[in-house]
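Engineer: Attaching a predicted model along with its sequence, questions to come.
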Amino acid sequence: MQEYSDRVRRLDKTIAFVPTMGYLHEGHLSLIREGRKIGDCLVVSIFVNPVQFAPGEDFENYPRDLQRDLELARKNGADVVFTPDDKELYSNGFQTYVNLKELPNHLCGISRPIFFSGVATVVTKLFNIIKPHFAIFGQKDYQQLSIIRQMVCDLNFDIEIIGAETVREHDGLAMSSRNVYLTSEQRNSALCLYKSLQKAQALLSSGINDSKKIIDSASEIIKSGTNTEIDYIAICDPKTLIDIKKIEGQALMALAVKVGKTRLIDNMILIP
């Protein structure tokens with residue numbers, strides 16, 4: 001992979017990169033198509049990263065279908081699909097991790113304390129292997145995108161990070177590889193995430209800017225769903241992810257909810 005990237009760079013061509021954990025859906029494919037537009041060469045990685053999963057999480061059961069993914073990547077314009085295995089990226093004695101100081105201490109980082117160290121570490125490794133000029137990430141994983149941008153700035157990576165809009169099903173559910181875990185009843189219940197975000201924007205547009213009132217409304221909508229459990233609902237500064245009490249400018253509303261055993265996340269930028 002490194003030799004291939006070196007050859008591309010010697011030809012003064014650009015590399016666009018889309019990192020994924022596979023089991024590709026339309027959200028991933030939209031990132032791949034975006035990468036096809038902006039780079040001379042498009043690389044997609046497929047790697048279920050073990051170091052971002054805590055014990056008891058779904059690493060072993062995470063959905064995988066490599067042959068299907070390879071075909072979808074090819075059809076949507078990928079020039080190269082990089083598929084390392086665990087031992088190639090984490091050899092015996094591996095001991096170097098990338099940790100950020102502030103951004104992981106909010107939202108998903110509270111209930112998944114090792115998650116963002118694992119993400120930052122594997123993305124750093126993939127950047128060093130693939131050597132892209134551009135890397136495309138989805139805004140559905142807003143905190144992850146913020147952390148990658150901060151890391152790229154702090155560590156002086158010469159890479160432009162591009163955030164792409166969340167892709168949703170026809171009924172508003174944010175696309176996720178984990179949606180496959182949902183039963184039909186749970187799939188219907190999962191719509192409460194997007195409905196709560198829509199209600200939040202409606203309340204803000206009507207003049208209610210108290211974060212607690214908006215969060216309480218979202219909580220009520222989510223709790224009305226079947227078999228739902230709230231991990232967090234937060235309204236925060238879009239850059240620092242620090243909670244805000246009154247919405248006076250654009251604000252990020254982010255939430256994580258378990259529907260059955262499946263943990264789903266979603267977010268929206270609220271605009272007064």
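Structural biologist: Noted; the coordinates are in hand.
Engineer: Could you use CA atoms for every contact and neighbour count after this?
Structural biologist: Fine.
Engineer: Can you show me the helices along the protein?
Structural biologist: In the chain, the segments counted as helices under DSSP state H are 2-10, 26-38, 66-75, 86-89, 108-111, 115-130, 142-154, 184-189, 192-205, 211-223.
Engineer: Mind checking the pLDDT average for the second one?
Structural biologist: Mean pLDDT, computed over helix 26-38, is 98.
Engineer: in it, what counts as buried?
Structural biologist: For helix 26-38, the neighbour count (16 or more other Cα atoms under 10 Å) marks G27, H28, L29, S30, L31, I32, R33, E34, G35, R36, I38 as buried.
Engineer: Tell me what angle it forms with helix 66-75.
Structural biologist: Put simply, helix 26-38 runs at 40 degrees to helix 66-75, going by axes from the mean of the first three to the mean of the last three Cα atoms, to 10 degrees.
Engineer: what's the answer for the first one, then?
Structural biologist: Inter-element angle recorded for helix 2-10 and helix 66-75: 10 degrees (by the same axes, to 10 degrees).
Engineer: Helix 2-10 - contacts with which helices or strands?
Structural biologist: Using 3 or more Cα pairs under 8 Å, 6 or more residues apart in numbering; DSSP states H and E as the contact test, the elements touching helix 2-10 are strand 15-20, helix 115-130.
Engineer: domains of this structure?
Structural biologist: Listed domain ranges for the chain are 2-164, 177-270 (source: automatic domain parsing).
Engineer: starting at the chain centroid, how far to the last one?
Structural biologist: Offset of domain 177-270 from its chain centre (Cα atoms, centre = their mean, to the nearest Å): 16 Å.
Engineer: distance between the ends of it?
Structural biologist: 26 Å (Cα to Cα, to the nearest Å).
Engineer: ok, now the longest one?
Structural biologist: Taking Cα to Cα, domain 2-164 runs 26 Å from one end to the other.
Engineer: Let me know which of the helices and strands packed on helix 2-10 is the nearest to M253.
Structural biologist: Proximity to M253 (Cα to Cα) singles out helix 115-130 among the helices and strands packed on helix 2-10, at 19.3 Å.
Engineer: which outside residues touch that closest one?
Structural biologist: With Cα atoms under 8 Å, 6 or more residues apart in numbering as the contact definition, helix 115-130 has outside contacts at 1-2, 5, 17, 19, 43, 49-54, 89, 97-100, 104, 109, 144, 147-148, 151.
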